[in-house]
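# No letters, just coordinates:
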Ligand code: SF4
């Protein structure tokens with residue numbers, strides 16, 4: 001389906017993050033359309049008739065607004081992006097993420113990218129030039145068929161790992177988010193070990209992991225997709241998201257599998273986050 005692209009004016013672009021530092025999003029909505037996307041809640045504040053993944057609002061004044069905000073903002077860490085993919089297709093012709101990141105780094109901010117797109121390769125030389133950036137990708141499953149089901153328009157997992165390789169070769173710090181690890185899809189010991197072995201091979205500096213969380217609007221999207229494509233998994237996901245005791249025990253065993261995989265790959269010291 002052709003996406004609906006709307007141009008909007010933002011009041012602010014650099015926002016304080018609850019996790020510390022700042023976040024920056026040049027777009028609302030995301031063409032990648034991941035089924036488990038936590039940013040689906042944004043549709044409550046930015047209503048669209050289209051489904052998540054079929055619309056993008058472009059903050060066309062992002063660079064000008066950032067210029068203004070930087071007159072007062074103290075330098076710190078900036079997460080790019082927290083509610084969209086900063087390198088989704090619209091960025092290829094708009095270049096807003098690139099120009100905002102450049103401005104931030106010029107002013108002494110540290111930029112932390114997290115993407116599922118290979119478009120970030122376009123900007124690696126810029127990031128390497130400033131030496132104030134970490135390039136990260138998210139991988140939820142190494143299986144390309146399953147990735148297509150869950151992340152319909154994102155780059156395939158192998159291409160995301162190639163981003164890490166290229167960033168490393170240019171001397172950039174790198175990170176990977178293995179999450180959400182998907183119940184019955186990518187949360188088993190073998191898959192997690194494979195993911196950590198890949199991170200070790202690519203000498204990734206920081207490894208984050210996450211479980212699937214019951215965020216607003218996520219369950220209907222998962223239920224609908226699984227009902228169509230993997231009906232036998234619907235009850236497992238219902239339990240994993242909504243049955244408190246079952247979920248607590250599940251999270252304990254998931255943490256065990258993650259720490260065991262990190263130790264087996266000899267990267268336990270780089271495990272920065274666990275569910
Ligand atoms: S890439 Fe990120 S922001 Fe975009 S749809 Fe997927 S999870 Fe959501």
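Arrived safely. Note that the structure is a prediction, hence the values are computed from the model and not measured.
# Please enumerate residues in contact with the helix ranked longest in the chain?
Of all the elements of type helix in the chain, the one with the most residues (DSSP state H) is helix 244-264. Applying C-beta atoms under 8 Å, 6 or more residues apart in numbering, the set of residues contacting helix 244-264 from outside is 181, 183, 187-189, 192-193, 195-197, 207, 209, 211, 239-241, 268, 270-271, 274-275. Placement of C-beta: from N, CA and C, glycine included.
# What is the helix or strand bottoming out on mean pLDDT in the chain packed up against?
Here the helix or strand of the chain ranked lowest by mean pLDDT, DSSP states H and E is helix 42-45, holding a mean of 85. If you count contacts as 3 or more C-beta pairs under 8 Å, 6 or more residues apart in numbering; DSSP states H and E, helix 42-45 packs onto no helix or strand.
# if I look at residue 90, how far off is the ligand?
As judged by C-beta to the nearest ligand atom, to the nearest Å, residue 90 and the ligand stand 12 Å apart.
# wait, I meant residue 236
Residue 236 is 21 Å from the ligand, by C-beta to the nearest ligand atom.
# Can you pull the phi/psi pair for that residue?
phi -60, psi -40 (degrees, to the nearest 10).
# burial of the closest residue to residue 156 other than its chain neighbours, as a residue count?
Using C-beta to C-beta, 6 or more residues apart in numbering and skipping the chain neighbours, the partner closest in space to residue 156 is residue 144 (5.0 Å). Neighbours of residue 144 under the rule other C-beta atoms under 10 Å: 11.
# roughly how far apart are residue 144 and residue 264?
24 Å (C-beta to C-beta, to the nearest Å).
# Please tell me I have it right and the residue nearest to residue 156 contacts residue 157.
Yes: contact criterion C-beta atoms under 8 Å: residue 144 and residue 157 qualify, at 6.5 Å.
# just to revisit the earlier point, what helices and strands are in contact with the following helix or strand past the least confident helix or strand of the chain?
Proceeding N to C from helix 42-45, the next assigned helix or strand is strand 55-59, under DSSP states H and E. Packing partners of strand 55-59 (3+ C-beta pairs under 8 Å, 6+ apart): strand 4-8, strand 27-28.
# Just put those in JSON lines and tack on mean pLDDT and distance to the ligand.
Shown next, in JSON lines, are the helices and strands packed on strand 55-59 (pLDDT from 0 to 100; distance: least, C-beta to the nearest ligand atom, whole Å):
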{"stretch": "strand 4-8", "mean pLDDT": "97", "distance to the ligand": "15"}
{"stretch": "strand 27-28", "mean pLDDT": "98", "distance to the ligand": "9"}
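# For residue 202, which of those is the nearest?
Residue 202 sits nearest to strand 27-28 of all the helices and strands packed on strand 55-59, at 27.6 Å, using C-beta to C-beta.
# quick one: the residue of the chain most remote from its centre from the ligand, how far?
Within the chain, the residue lying farthest from the chain centre (C-alpha atoms, centre = their mean) is residue 71, at 28.7 Å. For residue 71, the distance to the ligand (C-beta to the nearest ligand atom) stands at 29 Å.
# cool, residue 200 as well?
25 Å.
# Are we agreed that that residue is in a helix?
Yes: counting by DSSP: H, G, I helix; E, B strand; the rest coil, residue 200 is part of a helix.
# How about it: what's its closest non-neighbour residue?
Residue 200 sits nearest to residue 265 (C-beta to C-beta, 6+ apart), 4.2 Å away.
# What is the neighbour count of that neighbour?
Residue 265: 21 neighbours (other C-beta under 10 Å).
# how about it, what does it touch?
193, 196, 197, 199, 200.
# Just give me the closest of those residues to the ligand.
Comparing these against the ligand with C-beta to the nearest ligand atom places residue 199 closest, at 19.2 Å.
# residues touching the closest one, list them.
176, 178, 207, 265, 267, 270.
# would you turn the residues you listed into JSON lines with distance to the ligand, secondary structure and pLDDT?
Below are the contacts of residue 199 laid out as JSON lines (distance: C-beta to the nearest ligand atom, whole Å; DSSP: H, G, I helix; E, B strand; the rest coil; pLDDT from 0 to 100):
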{"residue": "176", "distance to the ligand": "14", "secondary structure": "strand", "pLDDT": "98"}
{"residue": "178", "distance to the ligand": "13", "secondary structure": "strand", "pLDDT": "98"}
{"residue": "207", "distance to the ligand": "18", "secondary structure": "strand", "pLDDT": "98"}
{"residue": "265", "distance to the ligand": "25", "secondary structure": "coil", "pLDDT": "98"}
{"residue": "267", "distance to the ligand": "24", "secondary structure": "coil", "pLDDT": "98"}
{"residue": "270", "distance to the ligand": "22", "secondary structure": "helix", "pLDDT": "97"}
